[in-house]
Structure formats: C-alpha cells, structure tokens
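Q: Generate a structure from the sequence data that follows.
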Amino acid sequence: MKTYKINIQLIIVFLLCCVLHITAQQEAQYTQYMYNTSIINPAYTGSEKTFKISLLHRSQWVNVPGAPITQTLNIEGILKENLGASLNISKDAIGPSQDFIIDANIAYHIQLNAYGKIALGIKAGVSKFNLDLSQGNLNPNQTMVTSNNITKTFSRIGAGLYYYTDKTYLGVSVPNLLESKYENLDLNINYNLKNHYYIIAGTIFDIGENTRFKPALLAKVASGTPLSLDLSANFLFNEKFILGAAYRLDAAVSALLGFHASNNIFLGYAYDYTTNFKNEYTGGTHELCIRINFSRSSIYKSPRFF
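A: Take a look at the predicted model:
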C-alpha cells in the first residue's frame, strides 16, 4: 500500500511538469479555484467534512471597458457520513452580457484503501443568459432599433470524479454536459457555451516543521479548442499564512495570499498580471475570497489545505 501512495504523488508531479497550450476564456476564470472547488468538480463536495460558506469576487482586466466581473456564493456541508451537498450561485458579467447560474451538487465518498477515498458527484441546475441590447450596437452594419433585453434560460447537468488522501488529490469533471446555444443572425449574436472538461491535481510536501508546500494544476479544455493550464505553488506557514504564485500559460502570472484569521475564517487574495496583451490596456486582475467554517473542530487538525 505504501508504494501505491508514493506513485500517486509521482503522477501528480509529472502532470505539473507537462507543458500545454492556452485558449480563450469562455466559462468564468478563477485563480483561487482551490478554495471553491465544487464549482468546477461536484465530486469535491463534502470532502472537507464541515459546513462552510464561501464568497468570491473577481474583477478581471481592470480598466478594460466591459471586462469580466465574476461573483460566486458557495454553501457546502455534509448530509450523512459519506454524503456531501452544496449550493453554488454565480454571476459572470462580460460587456453587455451576463450569465447567472444556480446549481446544486451532491457527492458520495467511498473509502478506496487505507490512504484515500474516491468520490462520485453530480451537478444539476439552470443558467440564465441576459444580453442588454441598449449597451451598444452589436452589429456595426445596421442601426440598433431596440433597447429590449434578450434573456434565455438553459438547463445544466454535470458530473465529476475525485480521488483524495490527506496530502494528494486528483479529479476529473464536466460541470455542464449540455451545450447552451442561442443565435440571432439579424443582431449578429452567436452565444454558444460549449462543454468544458477539467482536470485538477495537487500534492503536499512537508518541507519543515512549520512549512508545507503544495504544487497544483488545473487543466481545462472546451470542445474544439486547445487545452489550457494553470500551474500554482503555495506555501503554508505555521498553519496560518499562505503565500504562493501561479502561472496561466500565455495569459497571466499571479500572486496569491491567504490568512486564517481564526479557526473558522479564511481570507484570500490573488492578483493576476496579464501577459498576453500590452499592460497599458489593463490594471491586472484582482480576486478576493472569504470562507467561513462552521465546524466545531479546528480546521488545523487536517494536514490538507485544499
């Protein structure tokens, strides 16, 4: 069993060393995805064995008109010993368009061996796409003749698989198996949200009495587009402070800060420095998160910080 555990960590390290290609953003982008993982993988739900509420705000490409602004609320807990559930609410605004998503996750966790568990998760919900036609002329070849909004509602169904130990995790997921499509040729509108496939992986190394090191990756691909990759490295000091950096291939480098203000409150901040277009167009990206843990036991008893 010991050999199997070591091999899992070697697989994670190998994945972290892979060089992949980035594509354009379609679903909402998160730098601090590790603090709200059930949004991208429903099987993560309940793995922390606690009841928590997480809030995140992301202002992307500051100073660029119509740049993405993302806000999320996650409520997550345990229904039974091996059954977790969560509610996710998110709003993603880009220019005159907004996506409002509400979905619920449920995950069942199975003890796979002496070290790790595997979880199966499903996601179901709805998304509402809204386009405010009064905010601009979407078709430069004709005059806008209406100020009405276009609103469309789409169903969402997703699934995920998540393996984890105290110091290692590996997950695959598809948050939405149903493609959302809307086309209006008269207004030159083509909304087509394709399926997104995710791989998350990470492992923790104890490198000192009070220091832990966690390399991690997030790989994402949408149908018909190249693969994107986020690589991150975080250090946990004295079970309280987190300092790290991340690299999004051909897109951004990031600095990450985290602080356990108490046994129940965690604060996180990330700054993305854009690398794929000139800096005078943007002031970078700011991301804030707060997580409130309502468990009676101390969060520091677990060696995980994912």
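
Q: from here on, contacts and neighbour counts on C-alpha atoms
A: Will do.

Q: now the stretch 101-250 of the chain, which segments are flagged as low pLDDT?
A: Residues of the stretch 101-250 of the chain that meet the criterion pLDDT under 70 lie in 135-148, 181-193, 224, 226.

Q: cutoff 50 now
A: By pLDDT under 50, the low-scoring segments of the stretch 101-250 of the chain are 142-145.

Q: where do the strands sit along it?
A: 117-132, 149-164, 168-174, 180-184, 189-193, 196-203, 205-208, 211-222, 228-237, 241-248 (DSSP state E, counting those that start in this stretch).

Q: Any idea which of those strands gets closest to residue 263?
A: Checking those against residue 263 by CA to CA gives strand 241-248 as the closest, at 12.4 Å.

Q: want to throw the strands of the stretch 101-250 of the chain into a markdown table with distance to residue 111 and mean neighbour count?
A: Shown next, in a markdown table, are those (distance: least, CA to CA, whole Å; neighbours: other CA atoms under 10 Å):
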| stretch | distance to residue 111 | mean neighbour count |
| --- | --- | --- |
| strand 117-132 | 4 | 20 |
| strand 149-164 | 10 | 18 |
| strand 168-174 | 14 | 23 |
| strand 180-184 | 36 | 12 |
| strand 189-193 | 36 | 13 |
| strand 196-203 | 19 | 22 |
| strand 205-208 | 23 | 12 |
| strand 211-222 | 23 | 21 |
| strand 228-237 | 27 | 21 |
| strand 241-248 | 29 | 20 |
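
Q: As a markdown table, these with distance to residue 99 would be great.
A: Formatted as a markdown table, these follow (distance: least, CA to CA, whole Å):
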| stretch | distance to residue 99 |
| --- | --- |
| strand 117-132 | 5 |
| strand 149-164 | 10 |
| strand 168-174 | 18 |
| strand 180-184 | 11 |
| strand 189-193 | 11 |
| strand 196-203 | 16 |
| strand 205-208 | 38 |
| strand 211-222 | 18 |
| strand 228-237 | 22 |
| strand 241-248 | 23 |
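
Q: Tell me which of these sits nearest to residue 257.
A: Of the strands of the stretch 101-250 of the chain, the one closest to residue 257 (CA to CA) turns out to be strand 241-248, at 4.9 Å.

Q: Need the residues that contact the closest one.
A: Contacting residues not belonging to strand 241-248 are listed as 22, 31, 228-236, 253-260 [CA atoms under 8 Å, 6 or more residues apart in numbering].

Q: What strands flank it, and is each parallel or antiparallel?
A: strand 228-237 (antiparallel), strand 252-260 (antiparallel) (DSSP bridges).

Q: of those, which approaches residue 274 most closely?
A: strand 252-260 (4.4 Å).

Q: hmm, who's touching that closest one?
A: 31-32, 234, 240-247, 266-276.

Q: C-terminal to it, which secondary structure element comes first?
A: Of the helices and strands lying after strand 252-260 in sequence (DSSP states H and E), the nearest is strand 265-274.

Q: Stretch 240-256: how far from the chain's middle?
A: 14 Å (CA atoms, centre = their mean, to the nearest Å).
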